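> Predicted coordinates and the sequence they were generated for:
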Amino acid sequence: MEVKLERLIEKIKEEGVTEGRKISQELIEKSKQEAKEIVNQAKQEAERIVNQAKQEATQLKKNAEMTIRQVSRDVVLALKEQLIHLCDNIFKQEVSKILTPDFLKELIIKIVTNWWERENVPLEILVSKEDKQKLEELLFVQLKQKAKNEIIVRINENVRKGFRIGVQGEDVYYDFSDESIWEALKSLLSPTLLRILEEKSG
């Protein structure tokens, strides 16, 4: 009887150990699987973070490049405007320097002579206050008595340098003032200047 009891106890022990090992193995396998899943999830999350960081870095680079290009364009445009403005002032000053009473006299005499060859009419010349007296002296010496009878020289506040000329009694004038001459030159020079600036900045 005791032998049977011992065998029964031994058998229970063996079955208990076997079952314990089995449960232990299952727990180990389950733990390994869970650990593997955690690692996979961690890898996926890391990849997602890295990809997101790359995308953000790429977008940031694009934004920076766009900002740099825009700033560059703005700087170039501002520089062009300043250069054109500077050229305006320089050329305008040079035009004004050229339009001395002596130069104006020669120009007026040529215009008046050609005008009288086509139509002998009294003419009116508008000049600045600074140029009136000197110009009258030079003109009347050159054209003599005919100029005194056929030409009136008047002061016009809108003329700073140069002159305007037209038929007496008519409110139509050919404009040879510094402003008008510069505008005519500017229309010719501006496209060339802009093209040069485009080539230099391109």
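Sure, I can see it.

> Next secondary structure element downstream of the helix or strand Arg69 falls within?
For Arg69, the host element (DSSP states H and E) is helix 2-98. Per DSSP H and E, the first helix or strand lying C-terminal to helix 2-98 is helix 101-118.

> Partner strands of the helix or strand that comes right after that following helix and their direction?
Following helix 101-118 in sequence order, the next helix or strand is strand 123-127 (DSSP H and E). Applying DSSP bridges to the sheet, strand 123-127 is found paired with strand 151-155 (parallel), strand 162-167 (antiparallel).

> average model confidence for strand 123-127?
Across strand 123-127, pLDDT averages out at 92.

> what's the answer for stretch 154-172, then?
The average of the pLDDT scores along stretch 154-172 is 89.

> Now do the end-to-end distance for it.
One end of stretch 154-172 to the other measures 15 Å (Cα to Cα, to the nearest Å).

> Can you get me a residue count around Leu126?
Per other Cβ atoms under 10 Å, the neighbour tally for Leu126 reads 22. In short, each C-beta sits where N, CA and C put it, glycine included.

> From here on, call the first residue 289.
Will do, 289 is the new start, and the previous item becomes Leu414.

> So it sits against Val447, correct?
Yes: here Leu414 lies in contact with Val447, judged by Cβ atoms under 8 Å, at a distance of 5.5 Å.

> Give me the below-cutoff pLDDT ranges for the protein.
Along the chain, the model assigns pLDDT under 70 to residues 289-294, 296-297, 299-305, 307-308, 360, 362-368, 371-376, 379, 432-436, 476-490.

> Show me how it divides into domains.
289-386, 387-489 (automatic domain parsing).

> Need the winner for burial among these.
Most buried of the domains of the chain, by mean neighbour count (mean count of other Cβ atoms under 10 Å): domain 387-489, with a mean of 15.

> Could you check how far it is from the centre of its chain?
On the basis of Cα atoms, centre = their mean, to the nearest Å, domain 387-489 sits 37 Å off its chain's mean C-alpha point.

> so who does Trp424 touch?
Careful, residue 424 is Glu; it's not Trp. The contact partners of Glu424, taken as Cβ atoms under 8 Å, 6 or more residues apart in numbering, are Val441.
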